[in-house]
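[1] Here is the input, now give the coordinates:
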Amino acid sequence: MNNKPSSRVPRRSRPDTAVTQAAAAKPSAKISTNASAKTAPPHPESGERIQKTLARGGVGSRREIERWITEGRLKINGITATLGTRLNTGDRLQINDRIVNWEKFTEQPTRVLLYHKPTGEVVTRRDPEGRPIVFRRLPPLIAGRWIAVGRLDINTSGLLLLTNNGELANRLMHPSTEVEREYAVRILGHVSDATLETLKEGVQLEDGLAKFDQIFSTGGEGANKWYNVIVTEGRNRLVRRLWESQNVVVSRLMRVRYGPVVLPEWQRTGAFYEINEKEQQLLFEFAGME
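    The predicted structure follows:
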């Protein structure tokens with residue numbers, strides 16, 4: 001019997017485009033609250049609301065920034081901001097009394113990259129251990145920065161979605177959206193039907209109950225079997241921990257889909273693909289954005 005691990009990743013049938021048609025998620029509700037006593041009057045309509053500008057720059061989601069505003073943590077030109085305050089050229093913005101260079105987040109075209117992350121790379125901007133970093137492979141931006149939509153650990157390969165639009169990134173990552181993540185998993189040894197049912201019903205991990213929403217067998221040779229699994233949570237190492245909770249050895253793990261975005265089968269490891277206008281529109285609709 002040949003027990004040599006197969007290098008080829010079996011995939012379920014994939015569409016021709018990188019972004020598939022999907023139902024749009026509901027947009028986040030706005031928060032309304034009473035303003036603080038000493039606050040800045042709203043700027044003229046020519047400016048842009050603080051929460052929109054900072055969300056685009058990846059500082060936080062609009063909802064988070066609105067909460068910071070109601071807590072009095074933002075100031076414009078030394079005066080506490082309100083939810084209606086707008087930013088205009090030359091304004092001095094502070095968050096928790098620290099100056100923020102907000103003008104680099106001004107309106108710019110949204111860009112979205114599909115990166116085929118290899119094992120051995122880390123999704124961080126700086127690594128004290130000197131390991132290869134994902135962001136060093138990406139094209140430079142004139143303004144702003146690339147924001148990773150979720151993470152993949154150093155031993156997981158596959159689809160990593162990146163964008164310069166902070167609001168889009170936050171919507172795709174927010175737990176309330178329950179975006180599906182699909183992984184191809186190579187398992188060493190036999191897995192019983194009872195074990196698969198347990199993984200779908202739920203397993204108590206150290207950080208709470210977790211499960212696979214769906215499990216598909218995709219074949220394999222010898223002692224190595226392939227499965228595709230779907231989760232709707234972004235907890236750290238969730239897929240590996242679920243299998244390991246049943247004493248199952250994962251010998252390879254690869255993300256092949258994030259929401260409506262699939263990893264093209266032709267995309268080589270370590271390469272990125274920038275989605276086109278049509279695909280970007282589908283992604284915006286999925287995230288409930290214009």
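
[2] Return the list of strands paired to the strand with the most length in the chain, each annotated with direction.
    Longest strand in the chain by number of residues (criterion: DSSP state E): strand 249-258. Partners of strand 249-258 in the sheet, by DSSP bridges, are strand 157-163 (parallel), strand 181-188 (antiparallel), strand 261-262 (antiparallel).

[3] Give me the buried positions along it.
    Of all the residues in strand 249-258, those buried under the rule 16 or more other CB atoms under 10 Å are 250, 252, 253, 254, 255, 256, 257, 258. All C-beta spots, glycine's among them, are computed from the backbone N, C-alpha and C.

[4] what's the closest of the strands paired with strand 249-258 to residue 241?
    strand 181-188 (12.4 Å; CB to CB).

[5] Name the residues that touch the closest one?
    The contact list for strand 181-188, computed with CB atoms under 8 Å, 6 or more residues apart in numbering, reads 5-6, 9-11, 150, 158, 218, 220, 223-232, 234, 239, 243, 248-259.

[6] Check the offset of stretch 61-69 from the chain's centre.
    Relative to the chain's own centre, stretch 61-69 is displaced by 19 Å; criterion: CA atoms, centre = their mean, to the nearest Å.

[7] what do you get for stretch 55-70?
    From the chain centre to the centre of stretch 55-70 is a distance of 17 Å (CA atoms, centre = their mean).

[8] Pull out the buried residues from that stretch.
    Of all the residues in stretch 55-70, those buried under the rule 16+ other CB under 10 Å are 55-66, 68-70.

[9] from these, which ones fall inside helices?
    55, 56, 62, 63, 64, 65, 66, 68, 69, 70 (DSSP state H).

[10] how about the residues you listed, which pair is most distant?
    56 and 70 (20.1 Å).

[11] now residue 235, what's its secondary structure?
    Judged by DSSP: H, G, I helix; E, B strand; the rest coil, the three-state class of residue 235 is coil.

[12] sorry, back to before: out of the buried residues of stretch 55-70, who's nearest residue 132?
    Residue 132 has its nearest neighbour among the buried residues of stretch 55-70 in residue 58, at 22.4 Å by CB to CB.
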